[in-house]
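Undergrad: structure for the following, please:
(chains A and B)
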Amino acid sequence: MAAVAGALDLVRYFGRWGRRPAQHVLGNAGRFTYLLVDLLRGLAEWRVYIPRTLEQATHIGYGSLFIVLLVAGFAGAVTSLQTGYQFTGTLPLYYAGAVISESMILELGPVLTALILAGRIGARYAAELGTMRVTEQIDALESLGRSPITHLLLPRVIAGILVIPALTMFANATGIVVGYLTAKGSLGLTYADFEYGARYFFRPLDLWYSLIKSYCFAGAVTLIPCYIGYHTQQGAEGVGRATTTAVVSASVSILLLDAVITKLLLGVK
Amino acid sequence: MIQLLNISKRFLDNVVLDGVSLDVQDGETVALLGPSGVGKSVTLKTINGLLKPDSGDVIVDGLHVPKLKRAELQQLRSRVGYVFQYGALFDSDTVAENIRLGITDEDQHRDEAYCRERVKECLLLVNLAPDVADKYPAELSGGMKKRVGIARAIAGKPKYLLYDEPTSGLDPVNADVIDGLVERLRDELGVTSVVVSHDVRGSFRVADRVALLWQAKIRAVGTAEQILASRDAAVQQFLERDLEMSLIQSEGQEKHGA
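TA: Model prediction:
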């Protein structure tokens, strides 16, 4: 009897301990699902969100281009230098072309671009929407009979989904070009060798894979910060917390999605 | 007509409203008075469906607000103007764009010429010059922001107007200007209004009837005279404290003026 009572106490203890986090997770999952449904419903009101989407796309596209290309360029250069360090004398030089282009297309381009944009766009979205929430601007929009989903969230999400894959493709190209130039300077790799290596290992699926990844990451970079910003509470402190949470959650989601998509699309059977 | 029927609302363990009932007749202005944090704004937000009461019913224009579907609620809100405590202006939009968002009829909203004219009209109604239209909220004073908030609320020609602390945070002169504006809009537009405030003097000036919200319940309802004549200890305590504050403010003003 004592053992049963002890076990029940333990269940009760862990039940209490686990209830709040479980409620928190379930509550967020439910609200996030409702938000997705609302976003899909809002798609019919294209007159409202299309002009705002173009505005947002211009903001995040032009604004992020420089930093995305800069990081991609450095990633290409460092990959090239490390390839030289590891492979010189052991593998033919044209392998460098394959390593640089495949690393950029499969991993570095999409992931680095998404992580940068999680910081840049994610923080912006969460802070903007959070401030609008705590200063009652979102309530004001609702009180005017207008939907915050179509006025505020849909333009941001669609703009991100349009712009982020495009930025990823630019990042891929920049990384490969800078990687080649670095390899040419440090390893003496010719263009013919580089092209041979890059073409030898390239499969059309690689580009599709890069694109699919960037669309999924775009979802994480836009939806998560929008959700967190939209549900901000408790004034300036709440906005700060929402911004940090948005960037961290979006970044972790990108890494998780990266692993899942890689396993699903490229996983060894 | 607006009817609050026995509404209750709690946030976690904090009971904000406990069986609040109130009627506002068509064309009438009712001031909802009470100390800070007593649930006045929550009451106002249940009227246009921004918050759902835990129990009880809210009937506006014959519609049961808590039971309305999203589209019906949006339609109702187009007939209910809401003036927020701090203006809640969209800070990335100009004053004109803010007011234009208040034009709730979609056909009118798309008509550029109508919108330009309506923005001008609304600015004039709240005693603001037309050149304010091109400014951003950050370039306006507190009193101007409140007036733009009112202009946005009336842009859609609403039948009901809900004011959330329209004079809070303003100096007595500007508060008087806003009170005058509330009175004028009531007379000129004939709207039914609910004014949430903790300013007794201003509420007595603008409202046909006053309701005192005290400890999550309506403690007293009546005309200014009836409220002033009330023997209820809570009513007396609230009135004395607030009228004292008004006295201190007016004395301070006289000193500065001298």
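
Undergrad: from here on, just use CA atoms for contacts and neighbour counts.
TA: Noted.

Undergrad: which residues does B:His109 contact?
TA: By CA atoms under 8 Å, 6 or more residues apart in numbering or on different chains, the contact list for B:His109 reads B:100-101, B:103, B:115.

Undergrad: what about chain A: which of those touch it?
TA: With the criterion set as CA under 8 Å from any CA of the partner chain, the members of the contacts of B:His109 near chain A are B:Leu101.

Undergrad: by neighbours, which of the contacts of B:His109 wins?
TA: When neighbours are taken as other CA atoms under 10 Å in any protein chain shown, the top entry among the contacts of B:His109 is B:Ile103 (26 neighbours).

Undergrad: dihedrals phi and psi, it?
TA: Main-chain dihedrals, B:Ile103, degrees, to the nearest 10: phi -80, psi 100.

Undergrad: next one: the one 10 residues further on
TA: When quoted as degrees, to the nearest 10, the phi and psi of B:Ala113 stand at phi -60, psi -40.

Undergrad: ok, so what distance separates it from B:Gln85?
TA: As defined by CA to CA, to the nearest Å, B:Ala113 lies at a distance of 30 Å from B:Gln85.

Undergrad: list the contacts for the residue of the stretch 101-250 of chain B found nearest chain A?
TA: Chain A sits closest to B:Gly102 of the stretch 101-250 of chain B, with a gap of 5.9 Å, by CA to the nearest CA. By CA under 8 Å, 6+ apart, the contact list for B:Gly102 reads A:144, B:152-156.

Undergrad: okay, among the contacts of B:His109, which ones form the most distant pair?
TA: The span of the contacts of B:His109, defined through CA to CA, is set by B:Leu101 and B:Cys115 at 9.5 Å.

Undergrad: what's the pLDDT at residue 30?
TA: Here I'm looking at chain A. Looking at A:Gly30, its pLDDT reads 90.

Undergrad: wait, chain B
TA: Per-residue pLDDT puts B:Val30 at 92.

Undergrad: so it sits right up against B:Leu212, yeah?
TA: No - with contact defined as CA atoms under 8 Å, B:Val30 and B:Leu212 do not form a contacting pair (10.5 Å).

Undergrad: show me which of those two is the more surrounded one.
TA: B:Val30 (27 against 24).

Undergrad: what about the residue of the stretch 51-200 of chain B found nearest chain A, helix or strand, and which?
TA: Nearest to chain A in the stretch 51-200 of chain B, going by CA to the nearest CA, is B:Gln74, at a distance of 4.2 Å. B:Gln74 belongs to helix B:70-77 when elements are defined using DSSP states H and E.

Undergrad: A:Ala173 too?
TA: For A:Ala173, the host element (DSSP H and E) is helix A:154-187.

Undergrad: list the contacts of the helix or strand just after that helix.
TA: Using DSSP H and E, the next helix or strand after helix A:154-187 towards the C-terminus is helix A:191-201. Residues outside helix A:191-201 that contact it (CA under 8 Å, 6+ apart): A:93-102, A:180, A:184.

Undergrad: and the angle for the helix holding A:Ala173 with helix A:191-201?
TA: Between helix A:154-187 and helix A:191-201, the angle comes out at 130 degrees (axes from the mean of the first three to the mean of the last three CA atoms, to 10 degrees).

Undergrad: do helix A:154-187 and chain B meet at all?
TA: No - contact of helix A:154-187 with chain B (CA under 8 Å from any CA) is absent, the minimum separation being 14.8 Å.

Undergrad: helices of the chain, start to end?
TA: Defaulting to chain A. In chain A, the segments counted as helices under DSSP state H are A:2-42, A:46-87, A:94-103, A:109-117, A:123-134, A:137-143, A:148, A:154-187, A:191-201, A:204-230, A:235-266.

Undergrad: right idea, wrong chain: chain B
TA: B:40-47, B:70-77, B:95-101, B:106-110, B:112-125, B:142-154, B:172-189, B:200-206, B:224-228, B:233-257.

Undergrad: would you list the ones you listed in a markdown table and tack on mean pLDDT and distance to A:Ser214?
TA: Listed next are those as a markdown table, based on pLDDT from 0 to 100; distance: least, CA to CA, whole Å:
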| stretch | mean pLDDT | distance to A:Ser214 |
| --- | --- | --- |
| helix B:40-47 | 91 | 41 |
| helix B:70-77 | 88 | 34 |
| helix B:95-101 | 93 | 35 |
| helix B:106-110 | 83 | 36 |
| helix B:112-125 | 90 | 39 |
| helix B:142-154 | 89 | 41 |
| helix B:172-189 | 82 | 52 |
| helix B:200-206 | 85 | 57 |
| helix B:224-228 | 85 | 65 |
| helix B:233-257 | 65 | 60 |
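
Undergrad: adding distance to A:Leu256, write the ones you listed out as a markdown table.
TA: Below are the helices of chain B laid out as a markdown table (distance: least, CA to CA, whole Å):
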| stretch | distance to A:Leu256 |
| --- | --- |
| helix B:40-47 | 40 |
| helix B:70-77 | 35 |
| helix B:95-101 | 41 |
| helix B:106-110 | 43 |
| helix B:112-125 | 48 |
| helix B:142-154 | 45 |
| helix B:172-189 | 54 |
| helix B:200-206 | 57 |
| helix B:224-228 | 63 |
| helix B:233-257 | 57 |
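
Undergrad: what about the closest residue to B:Asp208 other than its chain neighbours, distance to A:Val178?
TA: Spatial nearest neighbour of B:Asp208, excluding adjacent residues (CA to CA, 6 or more residues apart in numbering or on different chains): B:Thr29 at 5.3 Å. For B:Thr29, the distance to A:Val178 (CA to CA) stands at 70 Å.

Undergrad: more neighbours: which of the two?
TA: Higher neighbour count among B:Thr29 and A:Val178: B:Thr29, with 26 against 21, using other CA under 10 Å.

Undergrad: contacts only, for that one.
TA: Contacts of B:Thr29 by CA under 8 Å, 6+ apart are B:186, B:192-195, B:206-209.

Undergrad: which residues of the stretch 1-150 of chain B lie near chain A?
TA: Applying CA under 8 Å from any CA, we find that the stretch 1-150 of chain B lies next to chain A at B:48, B:50, B:73-78, B:80-82, B:84, B:86, B:88-90, B:101-102, B:104.

Undergrad: mind listing what residue 157 touches?
TA: Went with chain A since none was named. Applying CA under 8 Å, 6+ apart, we find A:Val157 in contact with A:219, A:222-223, A:226.

Undergrad: hmm, I had chain B in mind actually
TA: B:Lys157 sits next to B:79, B:103 when contact means CA under 8 Å, 6+ apart.

Undergrad: where does the prediction get shaky in the stretch 151-269 of chain A?
TA: The stretch 151-269 of chain A contains residues with pLDDT under 70 at A:268-269.

Undergrad: try it again with 50
TA: Along the stretch 151-269 of chain A, no part satisfies pLDDT under 50.

Undergrad: what about the one residue in it that gets nearest to chain B, neighbour count?
TA: Nearest residue of the stretch 151-269 of chain A to chain B: A:His151, at 10.8 Å (CA to the nearest CA). Look at A:His151: counted by other CA under 10 Å, it has 20 neighbours.

Undergrad: likewise B:Glu139?
TA: B:Glu139: 13 neighbours (other CA under 10 Å).

Undergrad: spatially nearest residue to whichever residue of chain A sits closest to chain B, not counting backbone neighbours?
TA: The nearest approach of chain A to chain B comes at A:Gly145, 4.2 Å away (CA to the nearest CA). Once flanking residues are discounted, A:Gly145 sits nearest to B:Gln74: 4.2 Å by CA to CA, 6+ apart.

Undergrad: so who does the one you found touch?
TA: Contacts of B:Gln74 by CA under 8 Å, 6+ apart are A:142-146.

Undergrad: try it again with 10 Å
TA: The contact partners of B:Gln74, taken as CA atoms under 10 Å, 6 or more residues apart in numbering or on different chains, are A:142-147, B:48-49, B:68, B:80, B:104.
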